[in-house]
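Participant: return a 3D structure for these sequence lines:
(2 chains)
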Amino acid sequence: MKKIFQYTLYDLIRSRWTLFYLGFFLLLTTVLLAFSGDISKVVISLMNVVLILCPLIATMFGVMYAYNSREFTELLLAQPIKRTSIFWGQYFGLGVSLSLSLAIGIGGPFLFYGLFATGEIWNFFILIANGVMLSLIFSGLAFLIALRNENRIKGFGLAILTWLFFAVIYDGIMLLLLVFFREYPLEPLALSLSLFNPIDLSRILILLKLDISALMGYTGAVFEKFLGTGLGITIAFFVLLFWVGLPALAIRRVAGRKDF
Amino acid sequence: MILRVLFLLILPLGLVAKTIDVCPTCAATTIRQGIALAKTGDEVLVHPGTYREGNIIIDKSIILKGIDGPTVDGEDQYEIFTIKASGVTVEGFHLVNAGKSTLKDMAAIRVDHQRHFSICENKVENAQFGIYLAYGFDGIVENNELKSNARDEVSSGNGVHCWYAKRIFIAHNTIRQHRDGIYLEFTDDSHIVDNRSEGNLRYGLHFMFSNRDVYAYNTFIDNGAGVAVMFSKKIDMLYNRFEHNWGRSSYGLLLKEIYDARLEHNQFLSNTIGILMEGATRIDYRHNRFKRNGWAVQMTGGCIDNHFEANAFQSNALDMVVNSNVNNNTFNGNYWSEYTGYDLDRDGYGDVPHRPVKLFSYITSQTPETIVLLRSFFVDLLNFSEKVSPALTPANVADERPLMQMPEI
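Facilitator: Predicted structure coming up:
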């Protein structure tokens, strides 16, 4: 698995798209830092970008890479290598290359502008951690979709739809549910619904760091208890980790059964 | 005229005042003795030491002055000073452990139906009510430091408590951990200037049925809520700071059933709600700054004739919530950091009106739980589409001339 991971990683790091992705984050962060000069504000603006862009790029990239490396995969499958090693190697290579682009793209300019001199190091860490986890989750989902669908067009469509679902549609449904059932105590529902969407989870983690917890606490005791304490952050973080593990396990299952 | 000359001639006779010293080795060893020896206009100087004398009643017009902060202990059961004469000054004492009672409001210093008092430079610790002015008129409360340890609203009292007081000047005091920092009920024509009210359980400053008062240059930090102005008329609120009144159902300023007020040059920073209004009528808001609040302004029922001009709304989670139709409230020439319009004629005002009430703020006012969706992409999309063609949010809440640049405040 290590060998395949390395090959995939080197292959991707040299790819134009990874460089483009890296360049985009470098440019965005540098421009934001240069224009505002206030590190904490830049962290906040980047949070929104990370929430939307990381999943989208990871999805597109994941599905693209899985289809493009199909011949290579078939070649590998002919060798005496475990399927898990092949697919996990490719998946982690992909996830790590995306995460590296993100971390270097955002971290580089921040270091240059003196991140350690400010008290924003924790916020910065949360930002990067969320970006990395979202990249892993969505590249995993994309990989999974590519594995399950031979038809490329269908695969691409499904991948986009998955991103759209988690980024937009899910929140729409949630909003409708909350408004529709507003006569009932909704706090547990609102909280548990957010746990099923990694993007919502990351958003809430970030909002908690932005000290909006009290704003949420305004609505009631359950929110305050969950979001106003370390408990909320801990649970959200672990559920997000669980979300990272989920596609990896599913990839193993699907790859093990698939007939190439 | 003749009367006035006569008065001036007689005046020096009254000024032949004695000074009486109180200390363990002086002629008067207790404050009570000192007061008993004094005549109108005398000065009683209390030297350092600890005095435990129960309830000390000041029934003459004297100046009672602590030298280097003598401690007067109420032993948790007595009201310390009760002022029962006009023209009394109490200055420079360190008052500790005034009595606490659930039957009677006990204070460290009480003024009872008197005029022309002056309570200055005292330090009050661990009192239920700090300074209690019942029917006090024309008095000064200045440079005092009050600190209590209020735990719940029922058993605690207010720092400075005014009840049927008139023309009081409350300035440069620091009040911490009481129930209300300063409480005014039926208190008219008073000035509250440059006080610091911090960490009080309920309000930093609380008006009930009080008219024609001014409060200016005060700081309200970390209170249950910053200031509550209720059932009052003609209040001027100038140059105050409302900071970090943050938490569940907390706000910087509550305006409830208030008429003809003026709010200018105030700073609302990091409050859960900057201003919460309910039945606020004929109020002018000018040159105030709202920065990083959860909600900058929440307007609930029955607010008429509120005029917002030249205020700055910066980076609030939600600038404005209006939960009913808006009657004759106007917004003109404010700065909104969320404004996305342009200024082609370069007159400093945006060419497109700004609508501060977003669809999402409307939704959260209906279903508060939806706040978990704050800043999500879907909500941004919703807000955007609503902005393009308002359907649900009140169309008449708009700033026709939004400022392009942040004004100096």
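Participant: run a quick neighbour tally on residue B:209.
Facilitator: 15 (other C-beta atoms under 10 Å in any protein chain shown). Placement of C-beta: from N, CA and C, glycine included.
Participant: where does it fall, phi/psi-wise?
Facilitator: Residue B:209 has phi and psi values of phi 50, psi 40 when expressed as degrees, to the nearest 10.
Participant: doesn't residue B:231 make contact with it?
Facilitator: Yes - under the criterion of C-beta atoms under 8 Å, residue B:209 makes contact with residue B:231 at 5.0 Å.
Participant: pull the number of nearby residues for residue 230.
Facilitator: You didn't pick a chain, so chain A it is. 8.
Participant: meant chain B, my bad for not saying
Facilitator: 18.
Participant: so who does it touch?
Facilitator: By C-beta atoms under 8 Å, 6 or more residues apart in numbering or on different chains, the contact set of residue B:230 is B:206, B:207, B:208, B:209, B:254, B:256, B:257, B:258.
Participant: quick one: the helix or strand containing it to chain centroid distance?
Facilitator: Following DSSP states H and E, one finds residue B:230 within strand B:225-233. Centroid separation for strand B:225-233 versus its chain: 8 Å, with C-alpha atoms, centre = their mean, to the nearest Å.
Participant: tell me the first helix or strand C-terminal of it.
Facilitator: strand B:236-238.
Participant: distance between the ends of stretch A:141-161?
Facilitator: End-to-end distance for stretch A:141-161, by C-alpha to C-alpha, to the nearest Å: 11 Å.
Participant: how far away is the residue nearest to residue A:1 when sequence neighbours are not counted from residue A:254?
Facilitator: Counting by C-beta to C-beta, 6 or more residues apart in numbering or on different chains, residue A:1 lies nearest to residue A:85, which is 3.8 Å off, once chain neighbours are set aside. The gap separating residue A:85 from residue A:254 is 15 Å, by C-beta to C-beta, to the nearest Å.
Participant: how about residue B:400?
Facilitator: 59 Å.
Participant: show me where pLDDT drops low in chain A?
Facilitator: A:37-38, A:40, A:115, A:117-119, A:210-225, A:227-229 (pLDDT under 70).
Participant: number of nearby residues for residue B:358?
Facilitator: Neighbourhood size, residue B:358 [other C-beta under 10 Å]: 22.
Participant: return the residues in contact with it.
Facilitator: B:318, B:319, B:320, B:383, B:386, B:387, B:393.
Participant: okay, it: pLDDT?
Facilitator: For residue B:358, the pLDDT comes out at 86.
Participant: does residue B:61 lie in a helix or a strand, and which?
Facilitator: Using DSSP H and E, no helix or strand contains residue B:61.
Participant: quick check: it touching residue B:86?
Facilitator: Yes - using C-beta under 8 Å, residue B:61 is in contact with residue B:86, at 6.2 Å.
Participant: on the three-state scheme, residue A:97 is what?
Facilitator: Here residue A:97 is recorded as helix under DSSP: H, G, I helix; E, B strand; the rest coil.
Participant: what are the buried residues along the strand holding residue B:230?
Facilitator: B:225, B:226, B:227, B:228, B:229, B:230, B:232, B:233 (16 or more other C-beta atoms under 10 Å in any protein chain shown).
Participant: from chain A, how far off is the last one?
Facilitator: Just to be clear, that refers to residue B:233. With distances taken as C-beta to the nearest C-beta, to the nearest Å, residue B:233 is found 30 Å from chain A.
Participant: give me the pLDDT for that residue.
Facilitator: At residue B:233, pLDDT is 94.
Participant: dump the residue contacts of it.
Facilitator: Taking C-beta under 8 Å, 6+ apart, one finds B:211, B:212, B:258, B:259, B:260, B:261 in contact with residue B:233.
Participant: show me what it is bridged to.
Facilitator: Beta-bridge pairing for residue B:233 (DSSP bridges): residue B:211, residue B:259.
Participant: from residue B:214, how far off is it?
Facilitator: Distance from residue B:233 to residue B:214, by C-beta to C-beta: 13 Å.
Participant: ok, the third one next?
Facilitator: Distance from residue B:227 to residue B:214, counting by C-beta to C-beta: 13 Å.
Participant: common neighbours of those two, please.
Facilitator: Shared contacts of residue B:227 and residue B:214, defined by C-beta under 8 Å, 6+ apart, comprise residue B:237.
Participant: which one of the contacts of residue B:358 sits closest to residue B:265?
Facilitator: The nearest member of the contacts of residue B:358 to residue B:265, counting by C-beta to C-beta, is residue B:319 at 19.1 Å.
Participant: can you name the residue of the stretch 1-150 of chain A nearest chain B?
Facilitator: For the stretch 1-150 of chain A and chain B, the shortest gap (C-beta to the nearest C-beta) falls at residue A:52, measuring 5.6 Å.
Participant: quick one: that residue and residue B:377 touch, right?
Facilitator: Yes - the pair residue A:52 / residue B:377 is scored as a contact, 5.6 Å apart, by C-beta under 8 Å.
Participant: okay, and the common contacts of these two?
Facilitator: residue A:167.
Participant: for residue A:251, give its distance to residue B:403.
Facilitator: Distance, residue A:251 to residue B:403, by C-beta to C-beta: 54 Å.
Participant: mind pulling up the pLDDT for the spatially closest residue to residue B:159 that is not a sequence neighbour?
Facilitator: Sequence neighbours aside, residue B:175 is the residue nearest to residue B:159 in space, at 3.6 Å (criterion: C-beta to C-beta, 6+ apart). Reported pLDDT at residue B:175 in the predicted model: 96.
Participant: could you do residue B:256 as well?
Facilitator: Looking at residue B:256, its pLDDT stands at 94.
Participant: related to what we said a few turns ago, looking at residue B:400 and residue A:254, which one has more neighbours?
Facilitator: residue A:254 (17 against 14).
Participant: now do the contacts for residue 42.
Facilitator: Because you didn't say which chain, this covers chain A. A:29, A:32, A:33, A:36, A:110.
Participant: that's the wrong chain, I wanted chain B
Facilitator: Contacts of residue B:42 by C-beta under 8 Å, 6+ apart are B:17, B:18, B:19, B:20, B:60, B:62, B:63.
Participant: and the furthest pair within those?
Facilitator: The widest separation within those (C-beta to C-beta) is 14.5 Å, between B:19 and B:60.
Participant: next, residue A:105: secondary structure please.
Facilitator: Per three-state DSSP, residue A:105 ends up helix.
Participant: surely it and residue A:20 touch.
Facilitator: No - applying C-beta under 8 Å as the test, residue A:105 and residue A:20 come out as separate, 10.6 Å apart.
Participant: close to chain A: what parts of the stretch 201-350 of chain B are there?
Facilitator: Listed as neighbours of chain A in the stretch 201-350 of chain B under the rule C-beta under 8 Å from any C-beta of the partner chain: B:246, B:247, B:248, B:249, B:250, B:272, B:273, B:294, B:295, B:317.
Participant: minimum pLDDT in the residues you listed, which residue is that?
Facilitator: residue B:248 (67).
Participant: give me the element the residue nearest the centre of chain A is part of.
Facilitator: The residue lying closest to the centre of chain A (C-alpha atoms, centre = their mean) is residue A:134, at 0.9 Å. Element membership for residue A:134 (DSSP H and E) is helix A:121-148.
Participant: does any bit of that helix sit next to chain B?
Facilitator: No - in terms of C-beta under 8 Å from any C-beta, no part of helix A:121-148 sits within range of chain B; the closest distance is 12.9 Å.
Participant: now find how far off-centre that helix is within its chain.
Facilitator: How far helix A:121-148 lies from its chain's middle: 2 Å, per C-alpha atoms, centre = their mean.
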